[in-house]
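Student: I need the structure of the sequence given here:
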Amino acid sequence: MTKVDFYLLPAGGDSTELFACRLAEKAYRLGHKVYLLTPDPPAARELDELLWTFSQGSFVPHAVSDGAAPADDHPVLIGHEEPPPNLSEVLVNLAAEVPPWFGRFARVAELVGPDDAAKARGRERYRFYRERGYPLDTHTL
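Tutor: Below you'll find the model as predicted:
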């Protein structure tokens, strides 16, 4: 069963996107394949750029997914749609809703920003997983 971790980001700390980069880097270094789900194509491009610059001296091999490229080619993929079918280790959700295909991933990281709207969307996603019996952990940063 998919394990879901909620990361509650503090006001004045890392942006949601910057934290997603740090999380992707950690998962990559542990040998996991990661899919970073963004809300739309511009957000995917912005995250792509940020992954090149978020940490001096760090390198996270990644690509923006077109949905057709095999996941084996890149340890970290960024996209706004369903990822290639063979990608199923770690999903980092930057979208407002739970994607319908989340259950194929072993782990899901839900990032919740500090503003009221982000917290409200985070509560909805938490409730969604809880009502379906998924194991949940919350990390207050």
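Student: For residue 92, give the beta-bridge partners.
Tutor: Per DSSP bridges, the residues bridged to residue 92 are residue 36, residue 109.
Student: what helix or strand is residue 139 on?
Tutor: Using DSSP states H and E, residue 139 falls within strand 136-140.
Student: Pairing partners for that strand, with directions?
Tutor: Next to strand 136-140 in the sheet, as set by DSSP bridges, lie strand 3-8 (parallel).
Student: Helix or strand next in line after the partner strand, which one?
Tutor: Once strand 3-8 ends, the next helix or strand along the chain (criterion: DSSP H and E) is helix 16-29.
Student: for that following helix, what is the average pLDDT?
Tutor: If you average the pLDDT over helix 16-29, you get 96.
Student: which other helices and strands contact it?
Tutor: Other elements packing on helix 16-29 under the criterion 3 or more Cβ pairs under 8 Å, 6 or more residues apart in numbering; DSSP states H and E are strand 34-37, helix 41-53, strand 90-93, strand 107-112. C-beta coordinates here come from the backbone N, C-alpha and C atoms, glycine included.
Student: gap between it and the chain center?
Tutor: Chain-centre distance of helix 16-29: 8 Å, with Cα atoms, centre = their mean, to the nearest Å.
Student: mind listing what the nearest residue to residue 75 once chain neighbours are set aside touches?
Tutor: In space, and not counting its chain neighbours, residue 75 is closest to residue 28: 5.1 Å by Cβ to Cβ, 6 or more residues apart in numbering. Residues near residue 28 by Cβ atoms under 8 Å, 6 or more residues apart in numbering: 34, 60, 61, 75, 76.
Student: switch to 7 Å and redo it
Tutor: Residue 28 makes contact with 34, 60, 75, 76 under the criterion Cβ atoms under 7 Å, 6 or more residues apart in numbering.
Student: Give me the phi and psi angles of the third one.
Tutor: Looking back up the chat, that one is residue 75. Phi and psi for residue 75, reported as degrees, to the nearest 10, are phi -70, psi -30.
Student: Number the residues from 748 up from this point.
Tutor: Yep, numbering from 748; the last one is residue 822 now.
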